[in-house]
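K.L.:
any chance you can model this:
(chains A and B)
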Amino acid sequence: MELDAKIPSGPIEKKWDKHRFEMKLVNPANKRKFRILVVGSGLAGASAAATLAELGYEVDCFCFQDSPRRAHSIAAQGGINAAKNYQNDGDSVYRLFYDTVKGGDYRAREANVYRLSQVSVDIIDQCVAQGVPFAREYGGMLTNRSFGGAQVSRTFYARGQTGQQLLLGAYSALNRMIDAGKVTMHPRTEMLDVVLVDGHARGLITRNLITGEISRWAGDAVILATGGYGNVFYLSTNAKGSNVTSAFRAYKKGAGFANPCFTQIHPTCIPVSGDYQSKLTLMSESLRNDGRVWVPSNPEDARAPNEIPESERDYYLERRYPSFGNLVPRDVAARAAKKECDEGRGVGSTGLSVYLDFAAAIERDGRDQIEDRYGNLFEMYERITGESPYRQPMRIYPAVHYTMGGLWVDYNLMSNIPGLHVLGEANFSDHGANRLGASALMQGLADGYFVIPYTLGHYLATGWQGKVATDHPEFDKAEEEVKAKVEKLMGIGGRTPVDVFHRELGQIMWDHCGMARNREGLQKALQLIPELRERFWNDVAVPGDSMELNPWLEKAGRVADFLEFGEIMCHDALDREESCGGHFREEYQTDEGEALRDDENYAYGAVWEYQGPDAAPKLNKEELSFEYVKLTTRSYK
Amino acid sequence: MKIKLTVWRQRNRNAQGAFKDYEVEASPDMSFLEMFDVLNESLISKGEEPVAFDHDCREGICGACSMVINGSPHGPRQGTTTCQLHMRSFQDGDHIVVEPWRARAFPIIKDLVVDRSSFDRIQQAGGYITVNTGAPQDANAIPIGKAEADEAFDYAACIGCGACVAACPNASAMLFTASKVAHLSLLPQGAPERRDRVRRMVTAMDGEGFGGCTNHGECSAACPKEIGQDAITLLNREFMRAGVSAK
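P.N.:
A predicted model of the protein is given here:
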């Protein structure tokens, strides 16, 4: 596999400008002759589809939801970073770049991150022009807050619903282009394969989720903006429909999958309450500003939290990290909670949670102050758990939240398959081994509004190979394969519901490829997953018919892909014999239990290449070089 | 807790539907949709067809879930979507009737799943500000008072679930349409197109077969984001203004 990142030469702050000038353009009159197929309608997909249509391209946009407005970007809470320096507190493009590379534990590509920081400022301008109601000061100016991993206030927000408001902005831009006849929207349509002609991505095979009809679409380029794969763990903060299928089918057609083991576990989520649990809900990280994390010192202690005296509580974060205390970064806080629970000190009926206590803050600042700061979060917590955090400590536990890995892309956001572009969480390029808060929204919109409109034109002007129609034999082949897979799933006639397999896979992934990994566990997972997959293909129950709305068939197809994809994650985690960011290998830690990175041997992007149904994937490497941000060790003691 | 369920089953848009009874063993900590997951797994294991329903984020923001529970869209708890409703809001032995959104403009696709694409078409008819991606002026060049920005946000919080339509005796989409009109007309960026926008969106709304508004206020009572009746007042004012000052 050839991995040329195509990073422009020259100093980092000039690369994007230089590249924009050097890229070839498509004549405005010719743009309408090109049809672009966009899969996904979240921040990255909707912004790309709208912007490309504004430029004059014909766009078809596909989403599995009933409306593009329901893509999972909608659920992002906290905010979006931008190097506006409106607060005059020392922010700059360079500082955002620096924080992002460092926060990613030096496993991201410097040139991409620098460009992301550069265009971040344009995103805010664009969104305000669209009518996104960001939070403001009384004087009418935009306000900011600070977020984890940064010492400046650069996060723009819209209450706790920033993702919703940004997505509705992109959705409105998309609607405008649908109204103008430049975008054709295909909701409730799932992409089931990408079609390659002469090695270039030239089409899609989709299933209409209402009628079951399998269709072919030919285009001049394909864009995947299909989000992350956190649902491989079954329980995550992702929406129920979020899946790896589009990215995985592209992988099977030859696209490299980079750093799949880099997953982010968020420390403050509402814990699991029973076997029936279907998803996890995030509680904002900001709670750790006032909440104190603790567990009972005695694992046998079954008393209610308020009855346990101070002397018998272990405020373990304050004890282990005296200078950062409860405000250590996400990965550190998450691992520490897991350690307490693994050692039997967890609380709640399942033993899989720790206390986050506001009693001291309420006594210090008064209930009104705390209500002012966290009222809506406390209410949400009470709605889900039936317990009031004003009267007793919250119970929290870490949960899978975001995936930094994704399809490999070059500087132009094109995968190693010519014409196949990948945007947003679905690609791997910007967050390294750990994403900083409020950077996901920034990346999705940067890719869609400000990067792909330039780089796609360059591909069409230089790499395009003439028109292709859906009667090409490659479409026949791809459609047959898709239909065969649907028929195979429908024909198994098993007794076990899909979710049973999905839960079991999630448990394997969580136990062996979750917050902490080790060689033995990963090897065990690599044994267990194929066994589970075998049982799935023999005993999964898919009720109903394939030619109608069939949520169980949809789910079965997605879980079938997760059952293969989980293995690649384990291979990746096994290969990376170091600890960095969200990837913690227990064998590689300091005496004090901190992550031990190995820059000499592992400063690369691990890019996995499909080798056939029963073969282990092949590892390719993109070596990373750090010319601007000096490699240092993160410490929070 | 034992729950008796009566659920609307309908194979597809054209088929005849009917209510069917089920019994489920639930836990008070389950969400309402998790109770349906449990029901569906047991149906699948018995070789029966499970109940189709829309859902996705399960945290009250995507707007996909849509069940009429004992006659109330999203059920008994105020300001709460179906996915965030928990079984502790019910009693052991309760009998719960579950129906889909019922409105001519929301045809049933299957069981509890309805087609809400009419909402998208209303948005496409002007629910946007005409601005190309590029380099608009600096974001802070448009000062907007905090009160105005907050008010615009209150309307922009609409999740497009359609509970307002399901609750309305006329199946009117006034609150949904009004939320977008109010959001954009309260902001200076939305001003240049305000007349055309409100005319086109109202025309699209009427064309989809939604009923008229006769001020029952059921929509706001059912709205999981608690969007108030003042949105409709604002819509009417914008519509009047657009008519009076035609071109």
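K.L.:
list phi and psi for A:Thr268.
P.N.:
In terms of degrees, to the nearest 10, the main-chain angles of A:Thr268 are phi -110, psi 90.
K.L.:
quick one: contacts for it?
P.N.:
Contacts for A:Thr268 were tallied using Cβ atoms under 8 Å, 6 or more residues apart in numbering or on different chains; they are A:282-285, A:287-288, A:333, A:356, A:396, A:398. Any C-beta I mention is one placed from the backbone N, CA and C, and that applies to glycine too.
K.L.:
in JSON lines, list the residues you listed along with secondary structure.
P.N.:
Formatted as JSON lines, these follow (DSSP: H, G, I helix; E, B strand; the rest coil):
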{"residue": "A:Leu282", "secondary structure": "strand"}
{"residue": "A:Met283", "secondary structure": "coil"}
{"residue": "A:Ser284", "secondary structure": "coil"}
{"residue": "A:Glu285", "secondary structure": "helix"}
{"residue": "A:Leu287", "secondary structure": "helix"}
{"residue": "A:Arg288", "secondary structure": "helix"}
{"residue": "A:Ala333", "secondary structure": "helix"}
{"residue": "A:Leu356", "secondary structure": "strand"}
{"residue": "A:Ile396", "secondary structure": "strand"}
{"residue": "A:Pro398", "secondary structure": "strand"}
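K.L.:
just the closest of those to B:Gly228, please.
P.N.:
A:Ser284 (26.1 Å; Cβ to Cβ).
K.L.:
for the lowest-mean-pLDDT helix or strand in chain A, give me every contacting residue.
P.N.:
Sorting the helices and strands of chain A by mean pLDDT, DSSP states H and E puts helix A:367-385 at the bottom, at a mean of 86. Residues outside helix A:367-385 that contact it (Cβ under 8 Å, 6+ apart): A:159-160, A:270, A:273, A:281, A:283-284, A:286-287, A:289-290, A:358, A:361-362, A:387-390, A:394-395, B:29, B:31, B:77, B:80, B:84, B:86.
K.L.:
mind listing which of those residues are in helices?
P.N.:
Secondary structure from DSSP state H places A:361-362 of those in helices.
K.L.:
which among the contacts of helix A:367-385 count as buried?
P.N.:
In the contacts of helix A:367-385, burial by neighbour count holds for A:159-160, A:270, A:273, A:281, A:283-284, A:286-287, A:290, A:358, A:361-362, A:389, A:394-395, B:29, B:31, B:77, B:80, B:84, B:86, counting by 16 or more other Cβ atoms under 10 Å in any protein chain shown.
K.L.:
closest point of chain B to chain A, which residue?
P.N.:
B:Pro143 (2.9 Å; Cβ to the nearest Cβ).
K.L.:
just the CA coordinates of stretch A:353-369, formatted as CSV?
P.N.:
The C-alpha trace of stretch A:353-369 is given here as CSV (Å, rounded to 0.1, in the frame of the first residue of the first chain):
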residue,chain,number,x,y,z
SER,A,353,-19.3,3.4,39.4
VAL,A,354,-17.6,5.9,41.7
TYR,A,355,-19.0,8.9,43.5
LEU,A,356,-18.8,12.5,42.3
ASP,A,357,-19.7,14.5,45.3
PHE,A,358,-21.0,18.1,45.4
ALA,A,359,-21.6,18.3,49.2
ALA,A,360,-18.5,20.3,49.8
ALA,A,361,-19.2,22.7,47.0
ILE,A,362,-22.8,23.2,48.1
GLU,A,363,-21.6,23.9,51.6
ARG,A,364,-18.9,26.3,50.3
ASP,A,365,-20.9,28.2,47.6
GLY,A,366,-24.5,27.5,48.5
ARG,A,367,-27.0,25.5,46.6
ASP,A,368,-28.0,28.5,44.4
GLN,A,369,-24.6,28.9,43.0
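K.L.:
what lines up beside the helix or strand containing A:Ala201 in the sheet?
P.N.:
Assigned by DSSP states H and E, A:Ala201 falls within strand A:200-208. Strand A:200-208 pairs in its sheet with strand A:189-197 (antiparallel), strand A:214-218 (antiparallel), by DSSP bridges.
K.L.:
would you mind finding the most buried of the ones you listed?
P.N.:
Of all the strands paired with strand A:200-208, strand A:189-197 carries the top mean neighbour count, a mean of 23, counting by mean count of other Cβ atoms under 10 Å in any protein chain shown.
K.L.:
quick one: mean pLDDT over it.
P.N.:
For strand A:189-197, mean pLDDT rounds to 98.
K.L.:
before we move on, what about stretch A:142-161?
P.N.:
86.
K.L.:
anything in it near chain B?
P.N.:
Yes. On the criterion Cβ under 8 Å from any Cβ of the partner chain, stretch A:142-161 is in touch with chain B at A:142, A:158-159, A:161.
K.L.:
can you add distance to B:Pro50 and give those back as a markdown table?
P.N.:
Listed next are the residues of stretch A:142-161 next to chain B as a markdown table, based on distance: Cβ to Cβ, whole Å:
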| residue | distance to B:Pro50 |
| --- | --- |
| A:Leu142 | 47 |
| A:Ala158 | 37 |
| A:Arg159 | 36 |
| A:Gln161 | 32 |
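K.L.:
which of the residues you listed sits closest to A:Leu413?
P.N.:
Distances from A:Leu413 to the residues of stretch A:142-161 next to chain B, taken by Cβ to Cβ, are shortest for A:Ala158, at 26.7 Å.
K.L.:
need the nearest residue in space to A:Pro389, chain neighbours excluded.
P.N.:
A:Phe378 (4.8 Å; Cβ to Cβ, 6 or more residues apart in numbering or on different chains).
K.L.:
neighbours around the one you found, how many?
P.N.:
Neighbour count for A:Phe378, taken as other Cβ atoms under 10 Å in any protein chain shown: 19.
K.L.:
report the buried residues of the least confident helix or strand of chain A.
P.N.:
Quick answer for helix A:367-385 (16+ other Cβ under 10 Å): A:370, A:373-374, A:377-378, A:380-381, A:383-385.
K.L.:
which of these lies closest to chain B?
P.N.:
A:Arg383 (5.8 Å).
K.L.:
endpoints of stretch A:361-372, how far apart?
P.N.:
13 Å (Cα to Cα, to the nearest Å).
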